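> After the sequence you'll find the predicted model.
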Amino acid sequence: MSDRQAATPQRIEVDPTGQAFAPSALAILAATDVRTAAAALRQVLQDGGTHTDAVAWTDHGELMFEPVEAGTPARRTAAIAAFAGRSQTGPDAPDVRLLPPGAADAGAVLLAAPGALASLPDAAKPLLELAGRRLAELFATQRLQASVKDLEQAEQLQHALFAIADMAASDRDMQSLLRGLHQIIGKLMYAENFYIALYDPQRETLRFIYFVDEMDGRLYDPDEDIPVARMGGSLTLGLIRHGRPVRGPSEEIVALLGLPPDDGFGSPSIDFMGVPMQRDGQVYGALVVQSYREGVSYTQSDCAVLSFVAEHVLNAVERKRGQEALERRVADRTRELADANAQLQAQIAERERAAHLQATLYKIASLANSQESDEDFYRSLHAAVGELLDAENFYIALLSADGTRLQIPYTVDAAGDQRGDRPLARGLSEYVLRQGRTLLIDDQGVRDLVAAGEMDAGHHASRTSAVCWLGAPLLGSEGVMGLVVVQSYRPDLVYTDEDAKLLTFVAQQIANSVQRRRHAEALQALNAELEQRVQARTRELRREISVREQVEAQLKHQVMHDPLTGLPNRLYLRDRLERALSSQQRNPQHAFALLYLDVDRFKLFNDSLGHLAGDAVLREVSRRLLECVRGPDIVARLSGDEFAILLEEGAQPATAIKIAQRIQSRMQAAVQVGDRDLQASVSIGIAISHPRYQTIDEMLHDADVALYRAKATGRQRFVLFDETQQKAAMNVLELELALRHALHAGEFVPYFQPIVRLDDGSAVGYEALIRWQHPTRGLLGPGEFLPVAEESGLIEAIDWHMYRLACTAGAPLVAQGGFISINISPRHFQYEDFDQRLLDLLRETGFPPARLQIEVTESTLLGDPDAAARILQRLLDAEVGAALDDFGTGYSSLSYVHRFPLRSIKIDRSFIQDLGQADARRSSAIIEAVQGLARSLSLKVVAEGVETEGQRQALLAVGCRHAQGFLFGRPEPASHWPGGKK
């Protein structure tokens with residue numbers, strides 16, 4: 001059955017026995033709403049003697065009762081159970097009856113006291129059915145009315161949303177838009193009191209952009225951003241933080257939001273409804289309506305409508321705010337562009353003026369170099385100035401050379417005043433010259449100058465009075481040299497400060513032009529005079545040139561030759577080498593050779609016999625070298641005892657080798673210096689020309705490398721350079737660079753080898769040995785890098801670094817006794833303060849001096865025995881002991897040892913390696929002799945290099961008590977040995 005059919009009254013057949021209920025049944029049928037029909041039904045049953053408690057039904061999901069006050073919890077529970085088809089049991093359970101009775105879609109339920117409905121008369125049953133049907137009709141009508149109302153509300157809401165969108169897109173200002181929004185929402189619900197608040201989550205501020213309230217209409221300024229910290233117990237702030245709609249009396253909302261009851265803003269309202277405006281879960285404001293009138297309140301439907309509208313209001317407000325912000329930016333940008341355009345126009349005008357000024361100044365500057373006469377020159381200057389300002393009355397005045405007269409080389413005057421050269425007086429021109437600055441003055445100003453005594457009244461009276469007078473000084477390198485003047489006799493022509501600045505600038509250019517023109521004229525006169533003087537001087541120079549050429553030839557010979565030997569020097573050799581290399585590059589078949597020579601032990605000759613003897617040796621060596629070469633060959637002295645020979649002819653390297661052999665043979669004869677016969681020899685390095693040489697320095701370098709190799713292999717020989725020597729030299733350089741890096745990077749580590757008692761093998765000390773933890777090659781022993789360190793001068797820095805490491809890492813090894821032994825390079829004994837530096841290091845590291853022993857070689861002691869003895873004694877006084885390392889391999893005798901304060905002697909491994917074998921008697925005898933010497937001098941003896949048990953037994957047999965070697969342990973980090981830190 002359709003809703004329309006359900007709304008049509010049905011004809012009810014009434015049982016004749018129920019005629020008593022007929023009048024009341026008509027009241028039920030006549031009821032126009034559910035509550036009236038329910039009241040009529042209860043009254044009918046009351047009239048028939050049946051008392052009922054209430055009629056219950058649902059309206060939009062809410063349980064309603066007639067009478068209203070009958071909605072007790074018990075009756076609500078009973079009604080809900082009846083609608084759900086459940087029966088309640090118990091003596092206190094209300095009696096219920098569905099209306100219509102037994103209908104599956106009953107819309108109402110009749111409630112009475114327990115058992116009251118069980119004894120209903122039969123006549124009442126049709127009445128209940130009639131009431132149930134009438135209620136069903138009313139429910140259907142109510143639903144239709146609700147649907148119509150919902151449709152009307154939806155249409156109204158849709159119109160409101162369209163209106164909101166139209167307003168957001170219109171050109172209304174913000175307040176007009178907000179008033180329009182207020183009117184639209186007022187059509188949807190009661191909105192006499194309405195406001196919109198926007199929340200900025202970044203700045204934590206609230207702004208009430210629209211606020212209409214009959215009680216608090218002026219509470220907030222729509223342009224003020226209010227920090228939320230000032231809002232305290234504001235309902236609006238609570239609503240925004242709550243993030244969900246709220247509805248009800250303001251006191252209840254305060255309690256719901258957990259706000260302080262006495263900390264609110266504004267007047268309390270009878271009904272308050274607010275919804276948050278949010279997007280993507282973030283609240284950006286709130287819409288609020290409220291009522292201060294009894295009977296005017298808001299429903300859940302109103303809340304739903306306001307929530308739906310809120311998002312569209314937010315979009316409209318943000319869109320309008322964005323539009324206004326854009327309009328403001330456009331307006332600001334338009335103003336900026338207008339200002340920029342005005343500035344640009346001004347710049348264009350200024351640049352045009354500057355361009356015109358520049359062109360005029362260029363024209364004035366170019367006049368200085370023109371060949372015009374003076375009259376034409378000044379006329380052209382007048383024309384140029386006239387392009388910049390009015391110059392119908394114009395003159396230029398210049399000071400005479402003696403400064404006593406004023407010369408007027410050019411004047412134009414409309415009044416006909418004639419100006420000529422005159423002595424200096426007290427006029428305006430002289431005033432400008434005295435002041436040295438531009439003067440802009442009118443007739444009254446001139447009268448004031450006359451009154452002040454700066455001008456002569458008679459001079460002023462002799463000239464036509466100018467309405468405006470402008471003069472600028474011409475400033476030259478030596479002061480004021482004149483002035484340029486423009487003046488006006490017309491009241492309509494008055495010069496300005498800008499004109500004064502312009503004329504000042506122009507005057508500078510005129511002064512430069514005049515000065516350059518004067519200089520040019522003076523230069524022309526000087527040139528004429530100079531031409532005459534040049535001719536005379538030329539004749540003198542011709543005589544001097546011939547003399548100078550002779551001197552230059554002599555100087556060239558002196559510059560290119562060595563004064564001691566008369567041989568060509570380094571400059572001469574480099575020049576010839578350059579030519580030979582260029583020839584070889586043009587013709588690869590042209591080969592030549594370079595011999596690099598060094599006199600062996602020449603320093604010894606100088607130090608022992610003096611520099612005069614050294615010079616005699618050099619002259620004799622030079623003479624013999626010349627005897628060994630052919631005519632075209634070049635013998636040069638480079639510096640000190642270094643010589644070079646360039647061989648440009650002959651097959652190479654055969655010719656170079658032959659010459660080198662000849663030199664070595666010729667040097668065999670003794671060199672006589674005074675009454676002494678000296679044996680001089682030379683070492684020779686040979687480099688043969690090759691296409692790889694691009695510069696002479698490359699060839700000189702290779703010859704030097706070969707010479708170094710010759711001296712390193714024993715001197716008095718020659719070495720021919722090859723690629724292997726180059727690579728070896730490069731390897732040494734690379735190793736030196738790597739050593740420097742390793743020193744800074746801390747790649748050196750200390751290793752320790754024990755020094756033990758031979759009888760039980762217990763350690764009495766440790767020798768600290770350096771190792772290099774190379775990042776790519778791994779652990780390197782000292783033999784792989786110390787020679788390069790010694791040669792490069794890095795050995796001292798590495799030694800001191802190693803001493804510090806040995807003291808730091810070795811301290812735990814000797815905490816309970818024993819000593820750490822470190823090797824000292826002979827270089828350190830060249831410094832008298834070595835012992836003090838070592839003791840300072842021990843203090844810094846906290847290492848006990850009594851636990852340290854230094855090891856020195858015999859060559860160290862023999863270098864400077866007295867200095868070595870002093871250093872060792874000072875160390876011994878500080879409890880630092882000393883041991884003589886590698887004893888027996890040097891040049892000292894056994895008796896020499898007693899001169900030095902030593903504690904022990906370390907026998908070199910070369911005497912130990914034969915022990916334990918059949919032919920070891922010689923080594924045993926030497927060791928016994930050392931033992932005897934040591935006992936007589938109270939020295940300990942340590943045997944080095946013990947590697948076998950046989951060697952140990954042999955040492956014990958000759959009375960040796962201490963030893964060191966692989967038999968007792970190889971060098972290891974400190975953590976390897978007992979007591980070392982892990």
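Nice, thanks for sending it over.
> Identify the residues contacting Pro222.
Residues near Pro222 by CB atoms under 8 Å, 6 or more residues apart in numbering: 175, 207-211. Heads up, the C-betas are built off the backbone N, CA and C, glycines and all.
> quick one: Val946 and Pro260, what's the gap?
Counting by CB to CB, to the nearest Å, the gap between Val946 and Pro260 amounts to 95 Å.
> same check, this time on Pro973
According to CB to CB, Pro973 and Pro260 sit 74 Å apart.
> Next: Leu735.
Distance from Leu735 to Pro260, counting by CB to CB: 83 Å.
> can you check Arg321 too?
As judged by CB to CB, Arg321 and Pro260 stand 32 Å apart.
> Ok, Arg543 next?
Arg543 sits 118 Å away from Pro260, taking CB to CB as the criterion.
> on that earlier part again, using ChimeraX, define a selection of the buried residues within the contacts of Pro222.
ChimeraX command restricting the contacts of Pro222 to the buried ones, with burial defined by 16 or more other CB atoms under 10 Å:
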select :207,208,209,210,211
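> which residues does the residue lying closest to Phe139 once chain neighbours are set aside contact?
Counting by CB to CB, 6 or more residues apart in numbering, Phe139 lies nearest to Gly107, which is 4.5 Å off, once chain neighbours are set aside. Gly107 is in contact with 57-58, 99, 132, 135-136, 139, counting by CB under 8 Å, 6+ apart.
> Closest one to Ala397 out of these, please.
Nearest to Ala397 among the contacts of Gly107: Thr58, at 117.7 Å, using CB to CB.
> What does the pLDDT read for that closest one?
You'll see Thr58 listed with a pLDDT of 80.
> what about it, which SS state?
Secondary structure, DSSP: H, G, I helix; E, B strand; the rest coil: Thr58 is strand.
> Repeat that for the one 5 residues further on.
Classification of Leu63 using three-state DSSP returns strand.
> got the buried residues for the longest strand seen in the chain?
Counting by DSSP state E, the longest strand found in the chain is strand 763-774. Neighbour-count burial for strand 763-774 flags 763-772 (criterion: 16+ other CB under 10 Å).
> cool, and stretch 377-397?
Under the neighbour-count criterion of 16+ other CB under 10 Å, stretch 377-397 has 377-378, 380-382, 384-385, 388-389, 391, 393-397 buried.
> what does it contact?
Outside stretch 377-397, the residues that touch it by CB under 8 Å, 6+ apart are 356-357, 360, 363-364, 367, 370, 372, 406-415, 419, 429, 466, 474, 482-489, 493, 495, 499, 502-503, 506, 510, 513, 517.
> likewise stretch 329-343?
With CB under 8 Å, 6+ apart, stretch 329-343 has no contacts at all.
> pull the CA atoms of that stretch into CSV?
Output in CSV follows, covering the C-alpha atoms of stretch 329-343 (Å, rounded to 0.1, in the frame of the first residue of the first chain):
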residue,chain,number,x,y,z
ARG,A,329,49.4,41.8,-4.3
VAL,A,330,48.3,42.9,-7.7
ALA,A,331,47.6,46.4,-6.4
ASP,A,332,51.0,46.5,-4.6
ARG,A,333,52.7,45.1,-7.7
THR,A,334,51.0,47.6,-9.9
ARG,A,335,52.2,50.4,-7.6
GLU,A,336,55.7,48.9,-7.6
LEU,A,337,55.6,48.7,-11.4
ALA,A,338,54.3,52.3,-11.6
ASP,A,339,57.1,53.5,-9.2
ALA,A,340,59.6,51.4,-11.2
ASN,A,341,58.4,52.9,-14.4
ALA,A,342,58.6,56.4,-13.0
GLN,A,343,62.1,55.6,-11.8
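> what's the distance between that stretch and the middle of its chain?
Averaging C-alpha positions (CA atoms, centre = their mean, to the nearest Å) puts stretch 329-343 37 Å from its chain's average.
> Identify the residues contacting the residue nearest to Ser923 when sequence neighbours are not counted.
Distance criterion CB to CB, 6+ apart; nearest residue to Ser923, sequence neighbours excluded, is Asp914 at 4.5 Å. With contact taken as CB under 8 Å, 6+ apart, Asp914 is in contact with 920, 922-923.
> any idea which of these has the most stuff around it?
Neighbour tally across the contacts of Asp914 (other CB atoms under 10 Å): the maximum, 21 neighbours, falls on Ser923.
> Correct me if wrong: it contacts Phe911.
Yes. Contact criterion CB atoms under 8 Å: Ser923 and Phe911 qualify, at 5.0 Å.
> same for whichever strand or helix holds Gln407, what does it pack against?
Using DSSP states H and E, Gln407 maps to strand 405-412. Using 3 or more CB pairs under 8 Å, 6 or more residues apart in numbering; DSSP states H and E, the elements in contact with strand 405-412 are helix 374-386, strand 394-399, strand 422-423.
> Going by contacts, tell me the helices and strands next to the helix or strand following the last one.
Taking DSSP H and E as the definition, the helix or strand that follows strand 422-423 towards the C-terminus is helix 428-435. Under the contact definition 3+ CB pairs under 8 Å, 6+ apart, helix 428-435 sits against strand 439-442, helix 443-451, strand 468-476, strand 479-488.
> How about residues contacting helix 428-435?
Helix 428-435 is contacted from outside by 397, 399, 406, 424, 438-439, 441, 446, 449, 454-455, 469, 471-473, 480, 482-483, 485, using CB under 8 Å, 6+ apart.
> Give me the angle between that helix and strand 394-399.
For helix 428-435 against strand 394-399, the angle between stretch directions is 50 degrees (axes from the mean of the first three to the mean of the last three CA atoms, to 10 degrees).
> tell me the mean pLDDT over helix 428-435?
Helix 428-435 carries an average pLDDT of 88.
> Over to stretch 735-754?
Average pLDDT, stretch 735-754: 89.
> Averaged pLDDT, stretch 641-650. What do you get?
What stretch 641-650 shows for mean pLDDT is 91.
> All the helices of the stretch 551-700 of the chain, in order from the start?
570-586, 602-609, 611-628, 654-666, 696-712 (DSSP state H, counting those that start in this stretch).
> I'd like to know which elements the first one is packed against.
When contacts are defined as 3+ CB pairs under 8 Å, 6+ apart, helix 570-586 packs onto helix 497-560, strand 634-639, strand 642-647, helix 696-712.
> Over to the nearest residue to Ile907 once chain neighbours are set aside: give its phi and psi.
Excluding the flanking residues, the one nearest Ile907 by CB to CB, 6+ apart is Ala943, at 5.0 Å. The phi and psi values for Ala943, taken as degrees, to the nearest 10, are phi -90, psi 130.
> now do Ala112
For Ala112, the backbone dihedrals (degrees, to the nearest 10) come out as phi -150, psi 180.
> Run a quick check on it versus Val55, I expect a contact.
No. Judged on CB under 8 Å, Ala112 makes no contact with Val55 at a distance of 10.2 Å.
> Those two: which has the busier surroundings?
Legend: neighbour count by other CB under 10 Å for Ala112 and Val55, higher for Val55 (28 against 20).
> May I have the strands that pair with the helix or strand harbouring that one, each with its orientation?
Secondary structure from DSSP H and E places Val55 in strand 54-59. Using DSSP bridges, the strands paired with strand 54-59 are strand 62-66 (antiparallel), strand 108-112 (antiparallel).
> for that strand, which positions count as buried?
For strand 54-59, the neighbour count (16+ other CB under 10 Å) marks 54-57 as buried.
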